[in-house]
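**Student:** Below are the sequence and a predicted model for it; my questions follow.
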Amino acid sequence: MIYLADTANIDELKKLFYYFPIAGVTTNPTIIAASNRKLSDILPEIIEIVEDKMLHVQMISDMAVDMVREAKAYKKKYSLGDNYFAKIPVSLEGFKAMPMLKDAGINVTATAIFTQQQALVAARAGADWVAPYVNRLDNISSHGIEVVKHIVENIEHFKLNTKVLAASFKTVDQVHRVSMVGSHAATISYE
């Protein structure tokens, strides 16, 4: 399993990348808001730290065509390459945007996944990564680790070219347990 940093705090990122084998960074509107900076201001600094490692940036648009336009704009403006992944929520418009992004040559991370079926549909729509929310599932009386396990099993069973990027953790034990059920990656907060 590989580890990604789930933060936009530049000092935290520098420390994490200095000490640990971090494979990339994930962002979302909540993380960006916590940095008290605009995405356009902070993204160049994150890119400098990430270098050629993965960068998953969540789109803020709601409509598929706008998500695609936004993802293309980031890629062009910041000269992002194959290490760039547009994070797309698993909504009706998100599912529509995923194959459009793949056709445009942009990698996709399907995010805000709560069920094995959402992950399977996202994989079929072309997602390179699917990001189930482990702790949020646990909070709604579900079983986050079990959902991750079922997603991994489906990907292997159907021989899909998609990987699992487990997200939303509150404990180290949750990270440990997703590694034990075969998650390919975990994106974790600085803490």
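**Tutor:** Alright, I've got the coordinates.
**Student:** ok, Ser183 touching Met1?
**Tutor:** Yes - counting by C-beta atoms under 8 Å, Ser183 does reach Met1; the two are 5.9 Å apart. The way it works is simple: take the backbone N, C-alpha and C, and place the C-beta from them, glycine included.
**Student:** Contacts made by the helix or strand of the chain with the lowest mean pLDDT with the rest, please.
**Tutor:** For the chain, the helix or strand with the lowest mean confidence is helix 134-139, at a mean of 82 (criterion: mean pLDDT, DSSP states H and E). The set of residues external to helix 134-139 that reach it, using C-beta atoms under 8 Å, 6 or more residues apart in numbering, is 114, 143-145, 147-148, 166-171, 174, 178.
**Student:** hmm, back to that, of Ser183 and Met1, who's got more company?
**Tutor:** Using other C-beta atoms under 10 Å as the criterion, Ser183 and Met1 rank with Ser183 on top: 24 against 15.
**Student:** residue contacts, the more buried one?
**Tutor:** Neighbours of Ser183 in contact, by C-beta under 8 Å, 6+ apart: 1, 148, 152, 164-166.
**Student:** Lys159 now?
**Tutor:** Counting by C-beta under 8 Å, 6+ apart, Lys159 has no contacts.
**Student:** now do Ile113
**Tutor:** Contacts of Ile113 (C-beta under 8 Å, 6+ apart): 90, 119, 122, 130-133, 151.
**Student:** Assign the most far-flung residue of the chain relative to its centre to one of the three secondary structure states.
**Tutor:** Residue farthest from the centre of the chain, counting by C-alpha atoms, centre = their mean, is Ser141 at 23.0 Å. Look at Ser141: counting by DSSP: H, G, I helix; E, B strand; the rest coil, its state is coil.
**Student:** how far away is it from Ala112?
**Tutor:** 18 Å (C-beta to C-beta, to the nearest Å).
**Student:** Tell me how far Glu70 lies from Tyr84.
**Tutor:** For Glu70, the distance to Tyr84 - C-beta to C-beta - is 12 Å.
**Student:** more crowded one of the two?
**Tutor:** Between Glu70 and Tyr84, Tyr84 has the larger neighbour count (other C-beta under 10 Å), namely 20 against 17.
**Student:** Torsion angles phi and psi at the closest residue to the more buried one other than its chain neighbours?
**Tutor:** With sequence-adjacent residues excluded and distances taken as C-beta to C-beta, 6 or more residues apart in numbering, Tyr84 is closest to Leu55, at 5.4 Å. The phi/psi pair for Leu55 (degrees, to the nearest 10) reads phi -130, psi 110.
**Student:** thought Leu55 was touching Ala86?
**Tutor:** No - here Leu55 does not reach Ala86: they are 10.1 Å apart, not a contact under C-beta under 8 Å.
**Student:** higher neighbour count, those two?
**Tutor:** Between Leu55 and Ala86, counted using other C-beta under 10 Å, the more crowded position is Ala86 (27 against 24).
**Student:** In terms of helices and strands, where is that one?
**Tutor:** Using DSSP states H and E, Ala86 sits within strand 84-89.
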